[in-house]
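Asker: please work out how this folds:
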Amino acid sequence: MDYNAADLTSVLRTLSALSNQQPPPLPPPASLQNNPSQSHELEEEDSYEPSESLPHIPIAPTPPPAPAPTTSSQTRSHPNTAVPQPQPPNGTGTSEDTSTITTWPSALRYVMRTVAQNESIQQRIRWLMQRQHDHEKQWWQGREALLKKQASRTEKKKELDAVLRSVGAPVDENKQISTAEEDLAELTNYDAKVYKASKQMSEAMGAELRTLRIPFFTIKKTLVSESTTKSPEVARQPSGNHYDPGKQRLLLSHEELSTLQLRMLELLQDLCRE
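Answerer: Down below sits the predicted model:
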């Protein structure tokens, strides 16, 4: 067959361009070295792909240490060099114990008396919420990018097959870039990594809220019952709490504690919104 040299050069240039669009393959992990049928799932590392252990949400920066004592002459010569220090949470210099708060009214009074009056704590909570929002946005965009990549694989194969046909090269019509099952497995793997990272972020935020002495995040373990849900008898009580006669305190179930923590987060979000 007599090919036109100009047309052949154009086709080869197109083939080269399509080939250069594909990132270089990465070596498969050890778990896939003995399973070639799965190794193509990791043929490239995309910028959206989360690592096996996504980074923890960083803890809010701690306030700077108090400045060294200055002499009266230094104070007069540098009146504006003192670093402002955050006020105590309750404004009285004493630490109120929030680990025994088990009811919403008590928690609400504490928060309105402390967090609502302390701009430093509000800034740290806003910082935490912004970091959470940034992470969730990044994970969602990564998932959308993965879906888009999967959808484009078929189109890229069609383009490549068309170029191969134009130069008389053989084309395997039955060969697929990836099957629906493989795409689903890839997406499930991504979701699992995001779930792991979200748990890490939740634990980091919980630790920060405990540092800030936010009610329901500092509660003593002895005030949480072993039951995960309310018993029928407790569910009929107005407060919905378990009562331990020996300890003379209300006990929260795990379900109730989770509900109160979520309610507290919603309150903090409204209270600290700029």
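
Asker: which ones are touching Val224?
Answerer: Val224 is in contact with Leu251, Leu252, Ser253, His254, Leu257, counting by Cβ atoms under 8 Å, 6 or more residues apart in numbering. (C-beta placed from N, C-alpha, C; glycine too.)

Asker: keep only those of the residues you listed that are in helices.
Answerer: If you go by DSSP state H, those have His254, Leu257 in helices.

Asker: ok, the contacts of Val224 vs Arg124, which is closest?
Answerer: Ranked by distance to Arg124 (Cβ to Cβ), these are led by Leu257 at 22.8 Å.

Asker: ok, that closest one to Leu250 distance?
Answerer: In this structure, Leu257 and Leu250 are 12 Å apart, going by Cβ to Cβ, to the nearest Å.

Asker: so Ser225 sits right up against Leu251, yeah?
Answerer: Yes. Using Cβ atoms under 8 Å, Ser225 is in contact with Leu251, at 4.3 Å.

Asker: how about low-confidence regions in this structure?
Answerer: 1-95, 173-177, 227-249 (pLDDT under 70).

Asker: walk me through the domains of it.
Answerer: Here the domain parsing of the chain from automatic domain parsing is 98-114+213-274, 137-168+177-212.

Asker: got TSV for these, with distance to Arg124 too?
Answerer: TSV is the format used below for those (distance: least, Cβ to Cβ, whole Å):
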stretch	distance to Arg124
domain 98-114+213-274	9
domain 137-168+177-212	7
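
Asker: all strands of the chain, in order?
Answerer: Remark: strands assigned in the chain by DSSP state E are 242-244, 249-251.

Asker: number of nearby residues for Lys157?
Answerer: By other Cβ atoms under 10 Å, 15 other residues sit near Lys157.

Asker: Met205 versus that one, what's the distance?
Answerer: As for Lys157, its distance to Met205 is 44 Å (criterion: Cβ to Cβ).

Asker: same deal with Gln150?
Answerer: Distance of Gln150 to Met205, computed by Cβ to Cβ: 32 Å.

Asker: do Ser99 as well
Answerer: 18 Å.

Asker: Arg273 too?
Answerer: In this view, Arg273 and Met205 are 17 Å apart by Cβ to Cβ.

Asker: looking at those two, which one has more neighbours?
Answerer: More neighbours surround Met205 than the other of Arg273 and Met205, with 20 against 9 (other Cβ under 10 Å).

Asker: tell me the contacts of Ser258?
Answerer: With Cβ under 8 Å, 6+ apart, Ser258 has no contacts at all.

Asker: just the helices in the chain please.
Answerer: Remark: helices assigned in the chain by DSSP H are 5-20, 36-39, 72-77, 104-113, 119-166, 180-211, 232-235, 254-272.

Asker: and Lys221, which of those is closest to it?
Answerer: helix 254-272 (10.5 Å).
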